[in-house]
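In: Show me the folded form of this:
(one chain, ligands or ions: 1)
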Amino acid sequence: MTATNLLQIDKLSKSFAENQVLKSIDLSVAAGEVVSVIGPSGSGKTTLLRCVNFLEVYDGGSIQIDGREVGYVDTSSRKRRGEVDLAGMRAETGMVFQSFNLFPHLTAEQNVMLGLRRVRKKPLKEAREIAQHWLSRVGLSHKADALPSELSGGQQQRVGIARAVAMDPKILLLDEITSALDPELVNEVLDVVRQLAVDGMTMLMVTHEIAFARDASHRIVFMADGLVSAQGKPDDLMAEVATNERLRNFLSRFS
Ligand code: ADP
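Out: Alright, predicted model coming up:
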């Protein structure tokens, strides 16, 4: 592992009962790098992100964030989830979900402040300032006091992004964050991601937006059947369609 790899995944495996979803995933993300994960539905992309964010416990292999093992439950040992600082680990890997997952009874600002107060233990005033800063960065200062139900899907997702980055994560994980949006709202969310990339945020994102992945990522990883089937700089990966039939079949759906 090189010192600059913020995320280092080696031989990661994960099964749900008999279904081996991740077979042996090797994947790294360097500091400041934006890596997109594409691939057919069911290939294990979401499971991969969930393992990195400790929402799933993996069975084998290793995931290191900035040199620190995320951890897994070895059924032969006594190690259990409760023995690790879950909230602290998750805060290092901000995650944005397809379904926004905002608290409906809290305003936009309160949603962004929650983790800052509870996990980061920030004083009220500082938490509010950080929330206001990030709401402004996603263009939503004027909606700070709005409830999620008073926001469009695109605005809710921008609050979701503000909430994740406000925690100052080492890496931001984005799981198909535009999939639940009406087409006309997709761009306002992708623009925010693009800006974060320009600012040097390290990101690992699962996306169906192939054009966006090509345009905004340093590297694209193509997953198929629980394995990394191909990866490379966007143009190099696209050139692999000549030799990789799975990739060719997958991408043909988008052309
Ligand atoms: P993708 O994101 O590429 O569409 P997923 O990671 O969501 O793929 O799913 C990969 C496979 O794992 C699918 O077969 C799915 O049914 C299965 N799977 C995902 N989560 C669970 C779970 N909690 N329990 C059982 N099977 C699951």
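In: can you give me the strands for the stretch 51-200 of the chain?
Out: 60-65, 68-69, 93-96, 171-175 (DSSP state E, counting those that start in this stretch).
In: Would you single out the least confident of those strands?
Out: In terms of mean pLDDT, the lowest-scoring of those is strand 68-69 (a mean of 78).
In: what separates that one from the chain centre, distance-wise?
Out: Computed by CA atoms, centre = their mean, to the nearest Å, the chain-centroid distance of strand 68-69 equals 18 Å.
In: what's in contact with it?
Out: Applying CB atoms under 8 Å, 6 or more residues apart in numbering, the set of residues contacting strand 68-69 from outside is Ser62, Ile63. All C-beta atoms are positioned from the backbone trio N, CA, C, and that covers glycine.
In: what lines up beside it in the sheet?
Out: Using DSSP bridges, strand 68-69 pairs in its sheet with strand 60-65 (antiparallel).
In: What pLDDT is listed against the spatially closest residue to Lys143 that is not a sequence neighbour?
Out: Distances taken as CB to CB, 6 or more residues apart in numbering put Ala108 closest to Lys143, at 5.3 Å, once the chain neighbours are dropped. Per-residue confidence (pLDDT) for Ala108: 98.
In: Please report the distance of Ala108 from the ligand.
Out: According to CB to the nearest ligand atom, to the nearest Å, Ala108 stands 28 Å off from the ligand.
In: Equivalent analysis for Thr178, please.
Out: 14 Å.
In: And for Phe254?
Out: 16 Å.
In: Doesn't that residue lie inside a strand?
Out: No: read with DSSP: H, G, I helix; E, B strand; the rest coil, Phe254 is coil and lies in no strand.
In: Now the strands of the stretch 51-200 of the chain in a markdown table, please, with extra columns for mean neighbour count and distance to Lys122.
Out: Shown next, in a markdown table, are the strands of the stretch 51-200 of the chain (neighbours: other CB atoms under 10 Å; distance: least, CB to CB, whole Å):
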| stretch | mean neighbour count | distance to Lys122 |
| --- | --- | --- |
| strand 60-65 | 18 | 22 |
| strand 68-69 | 12 | 22 |
| strand 93-96 | 24 | 15 |
| strand 171-175 | 24 | 19 |
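In: Brilliant, that's me finished.
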